[in-house]
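Visitor: Here is my input; please provide its structure:
(3 chains, ligands or ions: 1)
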Amino acid sequence: MHIDRIHTWDITYKEAMRLQSELSARIKLTRMKKIPKIVAGADIAYSKRLNLSFGVVALFEFPALEQINVYSAYQKTNMPYIPGLLSFREAPVLLSIFEQVEENIDLIMIDGQGIAHPRGLGLASHIGIFLETPTIGCAKSRLVGEHKDIDLIRGNKEPVNYKDKLCAYVVCTRDNVKPLYISPGHLIDFQGACEYVLKCSDGFRLPKPTRIADQLVAEYKKQIIGQINKVIYPP
DNA sequence: GCGACAG
DNA sequence: ATCTTGTCGC
Ligand SMILES: [Mg+2]
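Guide: All right, here's what the predicted structure looks like:
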């Protein structure tokens, strides 16, 4: 798929933060007009020892949620994890994977925040801007914002406000299980984000696209590290 | 200065 | 997120 290389990634933290503020003005929280045909999930794994980042993008038919295809790549990790700057650590490898994708992806679910971010540009939003494709941030914990406790009943949701503005919903995707922080990334609204996450939640905490991407990236990492060890420590 | 803090 | 062995519970 096409990628808008809006900026490079070898920049200072200060410049990274400035870019986030600048790019957040481009985010559009629009309604998705058509029902998606292909939904993708994306996730990352790391090897601390080898300083590598592994990424997987898994494609699913919607609403059947049948797996269509899987893409992957890995590269050197060039940024430490800094809360608020996650996209500068994870986006480069993810974009290199999306570049290989032949299918037309209608919606991407990403492990991390969308606009629920100190400067309104979490990983999902940043990816959405580069790909000009609808994205949803599906985070397992809170980065910013305040909300009431929610009853842990599947389908329940509670608004998350940051600086007196709605930024996400806490969504229960399964009874009696810790809820998710769902925020639009780009080209989708709050209602659409919650709706598609729930429609992709098939009895587990994480919606199928990110859950399977998470499992596949763990396997991919294991496989690549096995190859590397074979080269480094020949029998 | 202190505490919070996606993955 | 990683590293790392076992353990508890559905
Ligand atoms: Mg992840």
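
Visitor: Not counting its neighbours along the chain, what's nearest the residue of chain A found nearest the ion?
Guide: Nearest residue of chain A to the ion (Cβ to the ion) works out as A:Asp111 at 3.7 Å. Where you see a C-beta, it was placed from the backbone N, CA and C, and this is true even at glycine. The shortest distance from A:Asp111 to any non-neighbouring residue, by Cβ to Cβ, 6 or more residues apart in numbering, is to A:Asp43 (4.6 Å).

Visitor: Does anything pack onto the strand or helix carrying that neighbour? Which helices or strands?
Guide: Element membership for A:Asp43 (DSSP states H and E) is strand A:38-47. Helices and strands touching strand A:38-47, by 3 or more Cβ pairs under 8 Å, 6 or more residues apart in numbering; DSSP states H and E, are strand A:52-61, helix A:86-98, strand A:107-110, helix A:208-232.

Visitor: What lies in contact with the longest one?
Guide: Applying Cβ atoms under 8 Å, 6 or more residues apart in numbering, the contact partners of helix A:208-232 are A:39-47, A:50, A:52, A:54-58, A:60, A:65, A:67, A:70, A:72, A:74, A:109-111, A:138, A:200-202, A:204-206.

Visitor: how about low-confidence regions in chain A?
Guide: Counting by pLDDT under 70, chain A shows low-confidence ranges at A:235.

Visitor: one more time with 90, if that's ok
Guide: Under the criterion pLDDT under 90, the flagged ranges of chain A are A:232-235.

Visitor: Run through the residues of it sitting next to DNA strand B.
Guide: Applying Cβ under 7 Å from any atom of the strand, we find that chain A lies next to DNA strand B at A:43-44, A:46, A:81, A:83-87, A:111-113, A:117, A:122-124, A:137, A:139-143.

Visitor: among those residues, which ones are buried?
Guide: Buried members of the residues of chain A next to DNA strand B, counted by 16 or more other Cβ atoms under 10 Å: A:43-44, A:46, A:84-87, A:111-113, A:117, A:122-124, A:137, A:139, A:143.

Visitor: circling back: among the helices and strands packed on strand A:38-47, which is nearest A:Arg26?
Guide: In terms of Cβ to Cβ, the element of the helices and strands packed on strand A:38-47 nearest to A:Arg26 is helix A:86-98, at 14.1 Å.

Visitor: contact partners of that closest one?
Guide: Under the criterion Cβ under 8 Å, 6+ apart, residues A:1, A:3, A:9, A:11, A:16, A:20, A:42, A:44, A:53-57, A:71-75, A:77-82, A:105, A:110, A:112-113, A:121-123, A:126-127, A:130-131 lie in contact with helix A:86-98.
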